[in-house]
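[1] Generate a structure from the sequence data that follows.
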Amino acid sequence: MNSIVDTMFHQDAFSQWLGIRRIAEGDGYCTLEMVVRPEMVNGFGIAHGAMTYALADSALAFASNSRGRKAVSIETSINHLKPVLVGEVITAIAEETSLGHKLAIYHIRVTRGEDLVALFKGVVYRKEEAWNL
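    Now for the predicted structure:
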């Protein structure tokens with residue numbers, strides 16, 4: 001596992017509250033999963049959109065910082081494609097699609113098994129500041 005992601009994850013109370021499990025990570029990519037709990041659903045009885053968003057956003061953060069420079073999101077968007085129910089496991093797969101000196105772009109697929117439930121895009125600003133661990 002990546003030492004930068006280790007540091008970030010252990011300081012990230014929200015990702016821990018979500019119950020995120022780290023599956024894979026490396027330079028420019030990250031795979032996370034979580035189980036949707038009853039307190040994560042909206043009035044329709046489906047996972048609140050913020051849950052899939054949060055999982056994808058955490059994958060973005062870990063993937064974009066994994067190369068050693070501190071990165072922060074400057075633009076994100078999500079398309080919710082299918083509902084997610086309590087007890088279902090969702091997975092976020094973040095992949096770097098463009099890496100520049102100052103900006104990088106990531107696409108994150110959120111799946112439930114083989115089903116694509118959301119598509120997330122994130123643009124990050126890459127600071128000059130390095131992670132010194």
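[2] Flag every buried residue along stretch 125-133.
    Buried residues in stretch 125-133, counted by 16 or more other Cβ atoms under 10 Å: Arg126, Trp131. The way it works is simple: take the backbone N, C-alpha and C, and place the C-beta from them, glycine included.
[3] hmm, I was thinking of stretch 73-89
    Neighbour-count burial for stretch 73-89, counted by 16+ other Cβ under 10 Å, picks out Thr76, Ile78, His80, Val84, Glu88.
[4] Can you name the residues that contact the third one?
    For His80, the contacting residues are Gly49, Thr52, Val117, Ala118, by Cβ atoms under 8 Å, 6 or more residues apart in numbering.
[5] my guess is Ala92 contacts Val110, does it?
    Yes: Ala92 is in contact with Val110 according to Cβ atoms under 8 Å; the separation is 5.1 Å.
[6] Overlap in contacts, the two.
    With Cβ under 8 Å, 6+ apart, Ala92 and Val110 have common neighbours Leu55, Ala56, Phe120.
[7] out of those, which are inside strands?
    Counting by DSSP state E, the part of these found in strands is Phe120.
[8] how about the shared contacts of Ala92 and Val110 in CSV, adding pLDDT?
    Formatted as CSV, these follow (pLDDT from 0 to 100):
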residue, pLDDT
Leu55, 98
Ala56, 98
Phe120, 98
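[9] Export the shared contacts of Ala92 and Val110 to a markdown table and append columns for neighbour count and distance to Lys70.
    Formatted as a markdown table, the shared contacts of Ala92 and Val110 follow (neighbours: other Cβ atoms under 10 Å; distance: Cβ to Cβ, whole Å):
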| residue | neighbour count | distance to Lys70 |
| --- | --- | --- |
| Leu55 | 26 | 21 |
| Ala56 | 27 | 20 |
| Phe120 | 23 | 21 |
